[in-house]
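Participant: Below: sequence and its predicted model.
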Amino acid sequence: QVQLVESGGGLVQAGDSLRLSCTMSGGTFWMYTMGWFRQPPGKEREFVGAIGWRPRTTSYADSFKGRLTISRDNHKDTMYLQMDSMKPEDTAVYYCASSIYADSDFDADRIYAAWGQGTQVTVSS
């Protein structure tokens, strides 16, 4: 059974950069498209970005473009989210998710079968 664990969350200042990690166990990591979602307080969960199982396949939500870099290390079974120029509105619980061999609809949470427990990110102004 695939299990995902996020790490790297915490309290940051506006303008700082942050890197989150998501590590998989129980699955063959390279086979999975991996996604990042977040849920701000009092709001619905939203798509942040994803990295496909195929090489050089990434997708970012338009509202984040230019501030995000998603990468993966298949040797470490880990995906990363680098977010620059953090803003108070980036405060949210950040979740990672996995979808085996997914090639499309990266922004649709319905394609992801496994989810992490989430990591809190708080950005102070």
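Facilitator: Arrived safely. Fair warning: this is a prediction, and the values are worked out from it, not measured in the lab.
Participant: which residues sit in contact with residue 20?
Facilitator: Applying C-beta atoms under 8 Å, 6 or more residues apart in numbering to residue 20 gives the contacts 6, 7, 8, 9, 36, 80, 81, 83, 94, 96, 119, 121. Every C-beta, even on glycine, is put in place using the N, C-alpha and C of the backbone.
Participant: Just the buried ones from the residues you listed, in ChimeraX syntax?
Facilitator: To isolate the buried members of the contacts of residue 20 in ChimeraX, using 16 or more other C-beta atoms under 10 Å:
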select :6,9,36,80,81,83,94,96,119,121
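Participant: Quick check: residue 14 touching residue 123?
Facilitator: Yes - counting by C-beta atoms under 8 Å, residue 123 is a contact partner of residue 14 at 5.7 Å.
Participant: of the two, who's got more company?
Facilitator: residue 123 (19 against 13; other C-beta atoms under 10 Å).
Participant: Show me what stretch 76-87 is in contact with.
Facilitator: 12-25, 29, 34, 36, 48-49, 51, 64, 67-73, 90, 94, 96, 123.
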